[in-house]
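**Student:** pasting the structure only:
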């Protein structure tokens, strides 16, 4: 038989107890939804420029940070709590203070700092963004409303949670309501952007930015209540109390005012008077708004055309100023900018890119560039031009054509085709652009007058004419080859001009030298012949003397410069003797 050992109360108190928070899964689901919502809202702003989507992303990012703090607090509550530090246990008190700061306070500060940085980025955003397409607006609105519905569902669930079991439940309930209303505001801003109501979008954007800023300030200043324990993430933020105490945001604001002032505003006589006068006031405002449609201000550069029950009113157009007429839908006024010089692009669609490289024809200047077939049927050309015009007759511009701008653009394209159809690519690229622009301007004006568009063509400017951009490399190769051909031809001509005259000069020089040499040889031969004949005549006159003279001349030439002795036979005759001693 075993012996049962009693457990002392001290040992029972020191034994660790680990309890699992039943709402930890709820916090993880909310954290995942907030993070995915932040990513989705940011991606939606990139694809569909709308500052309210970025504001919603900031709010969801702040919610993500707060939910991380709640998850950390849940983890801390699940761990065994250390014993209470005595007043003299300074080390334990410092350790607990550092642990609290490292948990809730650090998360609060980091979340608020990130929110401030995000708000500083979203505040100066340009609200005049291009209107989305109906399909884009429909998809974005459905996603925002779906996310708002999930937020309201989470708020309804958290409203029934017992605060003793989940201390952060009421604060999260208020926060999800505020997130839901901001998502609804983002969905409404998409509709405002589709309708072109930029002023309303600006007001809504500023309101949501103020809410985000107030939430960041509340995170920095909120403190943990003493009655909720140390391991609790504080969510008693003023803006959440103001806007999220109830599902009805107006009732939530009234409750906040009642808590601050101590007066039930729902039972005051002023609110009763306002309630009784709401319907007459709304009807009066609607009537006043309807009557305001009978006033139209025509600006200084415009003229107004009045239609009464769909029929144009005869007479002169409305001049600049304030005009009174029947309210909508009886009368409608169309304001036509008659003094404003407008421009239509020819040859491309879309906005041209800026920068100095825009002048390079080998780059596309716009998303869609059109090519024209030239007269030879083999060449294509791209023309970058624009028509500047002013509406001269407002009534003709508005009523003579259903789409006058499209008709004028078609006329401009027809003028360009007529001016280039009978030319080759080289002829089109080498012609004078100023003369061509003047011809096309006159042609556009003549055709517009024939259709009765009521416009004055101020100018027709041709920015450039070049081959299509897709064949830029091939065209440059052909041009380079043609330039190489011309260069080779010129170099060959230069070589010919240098070689042929030199050869011809050499021939002439050789011929002249040969003639001079022939003349010299002939003269020399004639001289020698004449000398020979002279000698012959001398020989014939005295052969012996000639031979004796020639012999002496030969001896003289042969013995010139030499030492010799002459022995004459007359020495012995005269009695002399000559002895040769070796």
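**Tutor:** Noted; the coordinates are in hand. Note that the structure is predicted; figures quoted are calculated from it, not measured.

**Student:** ok, which stretches of the stretch 1-150 of the chain are strands?
**Tutor:** Here the stretch 1-150 of the chain has no strands by DSSP state E, counting those that start in this stretch.

**Student:** hmm, I was thinking of the chain
**Tutor:** 295-298, 303-308, 311-312, 321-324, 331-336, 342-346, 348-349, 368-369, 372-373, 380-391, 455-466 (DSSP state E).

**Student:** Tell me the spacing between residue 69 and residue 59.
**Tutor:** Distance, residue 69 to residue 59, by Cβ to Cβ, to the nearest Å: 16 Å. The C-beta positions use only the backbone N, C-alpha and C, and glycine is treated the same way.

**Student:** Correction: the previous question concerned residue 576.
**Tutor:** Taken as Cβ to Cβ, the span from residue 576 to residue 59 is 161 Å.

**Student:** swap in residue 194?
**Tutor:** Taking Cβ to Cβ, one finds residue 194 at 23 Å from residue 59.

**Student:** circling back: so between residue 576 and residue 59, which is more surrounded?
**Tutor:** Ranked by neighbour count (other Cβ atoms under 10 Å), residue 576 and residue 59 place residue 59 first, with 28 against 9.

**Student:** So in this protein, which helix runs the longest?
**Tutor:** Counting by DSSP state H, the longest helix found in the chain is helix 472-541.

**Student:** who does that helix touch, helix- and strand-wise?
**Tutor:** Judged by 3 or more Cβ pairs under 8 Å, 6 or more residues apart in numbering; DSSP states H and E, the packing partners of helix 472-541 are helix 543-559.

**Student:** packing partners for the helix it packs on?
**Tutor:** Secondary elements touching helix 543-559 (3+ Cβ pairs under 8 Å, 6+ apart): helix 472-541.

**Student:** can you tell me the average pLDDT over the helix it packs on?
**Tutor:** Averaging pLDDT along helix 472-541 gives 83.

**Student:** Helix 543-559 and that helix, what's the angle between them?
**Tutor:** 130 degrees (axes from the mean of the first three to the mean of the last three Cα atoms, to 10 degrees).

**Student:** And helix 472-541, how far out from the chain middle?
**Tutor:** Helix 472-541 sits 70 Å away from the centroid of its parent chain (Cα atoms, centre = their mean, to the nearest Å).

**Student:** for stretch 445-453, same thing?
**Tutor:** Distance of stretch 445-453 from its chain centroid, counting by Cα atoms, centre = their mean, is 37 Å.

**Student:** Name the surrounding residues that touch it.
**Tutor:** Residues outside stretch 445-453 that contact it (Cβ atoms under 8 Å, 6 or more residues apart in numbering) are 396-397, 400-401, 404, 407-408, 411, 414-415, 455-457.

**Student:** so of these, which ones are in helices?
**Tutor:** 396-397, 404, 407-408, 411, 414-415.

**Student:** Pull the number of nearby residues for residue 309.
**Tutor:** 9.

**Student:** ok, now how distant is it from residue 298?
**Tutor:** For residue 309, the distance to residue 298 - Cβ to Cβ - is 21 Å.

**Student:** cool, residue 318 as well?
**Tutor:** 5 Å.

**Student:** between the two, which one's more packed in?
**Tutor:** Using other Cβ under 10 Å as the criterion, residue 318 and residue 298 rank with residue 318 on top: 23 against 18.

**Student:** quick one: contacts for that one?
**Tutor:** 296, 298, 303-306, 333.

**Student:** and with 10 Å instead?
**Tutor:** 296-298, 302-306, 325, 333-336, 394 (Cβ atoms under 10 Å, 6 or more residues apart in numbering).

**Student:** could you flag which of the residues you listed are buried?
**Tutor:** Listed as buried from those are 296, 298, 302-306, 325, 333-336, 394; burial here means 16 or more other Cβ atoms under 10 Å.

**Student:** In stretch 132-141, which of the residues would be classed as buried?
**Tutor:** Neighbour-count burial for stretch 132-141 flags 132, 137, 139-141 (criterion: 16+ other Cβ under 10 Å).

**Student:** With respect to residue 111, which of those residues is nearest?
**Tutor:** Closest to residue 111 out of the buried residues of stretch 132-141 is residue 140 (26.5 Å), distances taken as Cβ to Cβ.

**Student:** returning to that earlier point: now list the buried members of the contacts of stretch 445-453.
**Tutor:** 396-397, 401, 404, 407-408, 411, 415, 455-457.

**Student:** so where's the stretch 351-500 of the chain uncertain?
**Tutor:** By pLDDT under 70, the weakly predicted segments of the stretch 351-500 of the chain are 351-383, 420-433, 463-479.

**Student:** got TSV for the strands of the chain, with distance to residue 107 too?
**Tutor:** Shown next, in TSV, are the strands of the chain (distance: least, Cβ to Cβ, whole Å):
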stretch	distance to residue 107
strand 295-298	55
strand 303-308	61
strand 311-312	68
strand 321-324	59
strand 331-336	56
strand 342-346	55
strand 348-349	52
strand 368-369	51
strand 372-373	65
strand 380-391	57
strand 455-466	58
